[in-house]
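Asks: when you get a sec, could you give me coordinates for this:
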Amino acid sequence: MATIDKTVDIVYRITKQLNTSLDLNVVFGNVLSLTVKATGAERGSIFLLDESGQIIRHILARPDQSSEELQHSIKQVMSCGLAGWVYKHRIGTLVTNTITDERWTQLNGDKELTGSALVVPMLYNEQVNG
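Replies: You can find the predicted model right below:
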């Protein structure tokens with residue numbers, strides 16, 4: 001029961017964030033922070049997409065990348081990584097071991113090995129928007 005209460009609390013806090021500001025960077029930054037904390041993750045990201053699947057806005061929990069590195073990383077994960085796979089298949093996935101999953105792309109400059117990953121599409125009217 002405690003897990004359900006915790007989940008409901010997290011969903012409530014995330015929903016509350018959606019009503020606190022009109023600035024998407026602030027809202028999604030707060031949502032990302034809450035989600036990373038709730039899942040016990042070390043980092044996370046949100047990509048907002050246009051109708052053709054192009055990234056129009058991104059919020060990352062990896063502020064240490066230069067703009068050039070960031071653009072390269074985004075292109076890589078959307079073209080041949082897990083985020084791109086989730087976009088194409090329109091379903092969320094949990095990878096418990098990134099070393100053995102062919103959909104995972106290790107990015108240049110990653111100082112630490114990512115052990116597991118969770119990627120969830122944001123759907124609206126059956127369209128992937130993020």
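
Asks: and residue 83, how many residues sit next to it?
Replies: When neighbours are defined as other CB atoms under 10 Å, residue 83 has 21 of them. Using the backbone N, CA and C atoms, a C-beta is placed for each residue, glycine as well.

Asks: in a strand, that's where it is, yeah?
Replies: No. Counting by DSSP: H, G, I helix; E, B strand; the rest coil, residue 83 is not part of a strand but helix.

Asks: how about it, nearest residue that isn't a chain neighbour?
Replies: residue 77 (4.5 Å; CB to CB, 6 or more residues apart in numbering).

Asks: and the one you found, how many neighbours?
Replies: Residue 77 has 22 neighbouring residues, counting by other CB under 10 Å.

Asks: is it true that it touches residue 104?
Replies: No. Using CB atoms under 8 Å, residue 77 makes no contact with residue 104, being 9.3 Å away.

Asks: and the next helix or strand past the lowest-mean-pLDDT helix or strand in the chain?
Replies: None of the helices or strands of the chain scores lower by mean pLDDT, DSSP states H and E than helix 2-17, at a mean of 67. Downstream of helix 2-17, the first helix or strand assigned by DSSP states H and E is helix 24-39.

Asks: what pairs with the very next helix or strand once past that next one, and is each one parallel or antiparallel?
Replies: Under the assignment DSSP H and E, the closest C-terminal helix or strand after helix 24-39 is strand 45-49. Using DSSP bridges, the strands paired with strand 45-49 are strand 55-60 (antiparallel).

Asks: only alpha carbons, please: show whatever helix or strand comes next after the strand it pairs with as CSV.
Replies: Using DSSP H and E, the helix or strand that follows strand 55-60 towards the C-terminus is helix 67-80. Presented in CSV, the C-alpha positions along helix 67-80 are these (Å, rounded to 0.1, in the frame of the first residue of the first chain):
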residue,chain,number,x,y,z
SER,A,67,25.8,22.5,-27.5
GLU,A,68,27.7,20.6,-30.2
GLU,A,69,28.0,17.5,-28.1
LEU,A,70,24.3,17.7,-27.2
GLN,A,71,23.2,18.0,-30.8
HIS,A,72,25.3,15.0,-31.7
SER,A,73,24.0,12.9,-28.7
ILE,A,74,20.4,13.8,-29.6
LYS,A,75,20.9,12.8,-33.2
GLN,A,76,22.5,9.5,-32.2
VAL,A,77,19.9,8.4,-29.6
MET,A,78,17.0,9.3,-32.0
SER,A,79,18.6,7.6,-35.0
CYS,A,80,19.9,4.4,-33.6
